[in-house]
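Enquirer: Just need the structure, nothing else, for what follows:
(one chain, ligands or ions: 2)
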Amino acid sequence: MKIIADENMPYVDSLFGELGEIEYVNGRTLTPEQVADADVLLVRSVTQVNEALVSQNQQLKFVGSATIGTDHVDKALLASRGIPFSNAPGCNATAVGEYAFIAMLELAQRYQQPLKNKRVAIIGAGNTGSATARCLQAYGVEYRLCDPLLAEQGDSRQFFDLDELIAWADVISLHVPITKEGDFPTWYLFDQKRLEALKPDAWLLNCCRGEVIDNRALIDVKQKRDDIKLVLDVWEGEPSPMLALVPLVDIATPHIAGYSLEGKARGTFMLYEALCRVVGIAADKKLDSLLPSFFLDVINVHEVADERALLTLCRAVYDLRDDDVRFRQSGTDRLGFDKMRKNHRHRREFSALKLENAKGSEVNWLSFLGFSNVG
Ligand SMILES: NC(=O)c1ccc[n+]([C@@H]2O[C@H](COP(=O)([O-])OP(=O)(O)OC[C@H]3O[C@@H](n4cnc5c(N)ncnc54)[C@H](O)[C@@H]3O)[C@@H](O)[C@H]2O)c1
Ligand SMILES: O=C(O)[C@H](O)[C@H](O)COP(=O)(O)O
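Expert: Residues are numbered from 1 along each chain as shown. Ligands and ions are numbered 1, 2, ... in the order given. Okay, here's the model as predicted:
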């Protein structure tokens with residue numbers, strides 16, 4: 001079995017090595033000729049899986065994308081050709097939730113405006129939106145959700161209208177897929193009008209897809225309103241963000257909010273399980289065995305004195321400022337953007353850090369935030 005895999009997908013050797021011969025490719029420049037004799041195709045969000053890409057292949061048995069988003073895959077085409085497809089919903093949700101939460105704590109410190117006093121609106125209450133909500137809930141921050149599709153489906157949580165939330169929220173965090181059709185399309189969901197309606201001193205975070213915000217309008221509004229603070233992990237026109245936008249952004253990164261080692265391992269592992277199901281073999285590998293140990297052993301925590309102390313603890317796991325600095329230095333052009341994503345391997349999730357003394361004490365809420373308790 002020939003397996004073509006994106007070179008930026010970790011753990012492919014460990015999980016797929018016994019299933020076939022693996023060829024690693026650059027997902028951004030993958031050609032129909034490279035795919036022609038593949039039995040299995042494993043991609044990430046940078047590969048457009050469409051008619052052109054698979055046109056020369058008559059033997060494809062499985063396509064997997066180690067991502068939550070599937071806007072790069074023509075699923076109808078694969079279904080019409082009888083090619084099973086799987087993505088990895090939820091694989092990197094914790095990473096995105098923690099990224100958004102840490103970014104909010106960073107802004108809070110930078111502008112001396114405690115996050116605890118903010119009202120947060122989460123737009124899109126699926127996997128990543130809910131993961132963000134869990135962090136806010138654990139820390140005791142007031143938040144509201146907007147998700148008209150889940151509301152229609154009878155989700156029991158309380159949902160609010162988008163424009164009402166824009167008028168209500170001090171912080172808005174975006175977690176929707178990119179869609180152009182249906183009753184609630186998200187392409188340019190935040191257009192000039194909605195951007196102008198942001199409350200004074202609002203913080204706007206985008207960790208989903210760049211085109212959910214009209215980036216030209218964002219430049220225009222931000223140039224007139226210095227009070228607005230921006231956190232952008234995703235950009236219109238990736239991998240070439242609008243260069244005029246970058247300096248206007250407080251925290252800027254190259255689409256790596258979901259890039260924890262845990263999230264990447266989960267993504268590849270979910271595809272491994274899916275392929276095993278498709279070819280009818282038992283999935284005998286274990287996810288836990290893939291991850292290296294964390295550089296810190298156990299930390300004794302008996303108090304989180306204030307928000308700054310909480311941020312210090314979070315930074316011990318993931319210091320978002322490093323990625324922001326690196327992005328500005330060398331990640332804003334198309335080659336730098338992809339290079340930084342390719343070499344981004346160090347980040348862990350809160351659960352990697354074991355806390356002693358946190359259980360049963362006044363800091364037990366840290367376990368709801370995601371840190372591991374060891375008693
Ligand atoms: N930056 C990153 O690294 C990164 C990582 C993971 C996911 N993503 C992106 O984030 C998106 C969301 O991920 P997820 O795992 O939460 O997906 P999800 O499918 O679990 O949740 C998305 C939610 O958005 C809701 N939604 C759709 N249209 C909406 C609208 N107009 N208004 C409000 N809500 C709407 C849906 O009903 C759904 O509940 C993905 O589709 C992907 O594009 C980015
Ligand atoms: O949709 C997703 O899951 C994310 O956007 C994902 O993190 C994108 O990462 P990539 O596939 O480009 O490496």
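Enquirer: Can you tell me which residues in the stretch 151-300 of the chain are near ligand 2?
Expert: The stretch 151-300 of the chain has residues G258 near ligand 2, with proximity defined as Cβ under 6 Å from any ligand atom. For every residue, glycine as well, the C-beta is placed using N, CA and C.
Enquirer: State the distance from I166 to N117.
Expert: Using Cβ to Cβ, to the nearest Å, we find I166 at a distance of 19 Å from N117.
Enquirer: let me redo that: V279
Expert: With the distance defined as Cβ to Cβ, V279 ends up 54 Å from N117.
Enquirer: Between those two, tell me which one has more neighbours.
Expert: Using other Cβ atoms under 10 Å, the more surrounded residue of V279 and N117 is V279, with 15 against 11.
Enquirer: per-residue confidence for the nearest residue to the more buried one once chain neighbours are set aside?
Expert: Excluding the flanking residues, the one nearest V279 by Cβ to Cβ, 6 or more residues apart in numbering is K61, at 7.1 Å. In this prediction, K61 carries a pLDDT score of 97.
Enquirer: can you check A358 too?
Expert: pLDDT, A358: 69.
Enquirer: Check for me that L204 belongs to a helix.
Expert: No - looking at L204 with DSSP: H, G, I helix; E, B strand; the rest coil, it is strand, so not inside a helix.
Enquirer: Could you chop this structure up by domain?
Expert: Taking automatic domain parsing as the criterion, the chain consists of the domains 2-87, 93-252, 292-328+344-373.
Enquirer: so which of those domains gets nearest L275?
Expert: Set against L275 and scored by Cβ to Cβ, these come closest in domain 2-87, at 5.3 Å.
Enquirer: The closest one and ligand 1 in contact?
Expert: Yes - residues of domain 2-87 contacting ligand 1 under Cβ under 6 Å from any ligand atom: I68, G69.
Enquirer: just how off-centre is that domain within its chain?
Expert: The chain centre lies 21 Å from the centre of domain 2-87; the measure is Cα atoms, centre = their mean, to the nearest Å.
Enquirer: and the end-to-end length of it?
Expert: End-to-end distance for domain 2-87, by Cα to Cα, to the nearest Å: 19 Å.
Enquirer: next one: stretch 232-239
Expert: First-to-last residue span, stretch 232-239, Cα to Cα: 13 Å.
Enquirer: Check the gap between the spatially most central residue of the chain and ligand 1 for me.
Expert: Within the chain, the residue whose C-alpha comes closest to the C-alpha centroid is G258; the distance, by Cα atoms, centre = their mean, is 3.2 Å. Noted for G258: a distance of 3 Å to ligand 1, by Cβ to the nearest ligand atom, to the nearest Å.
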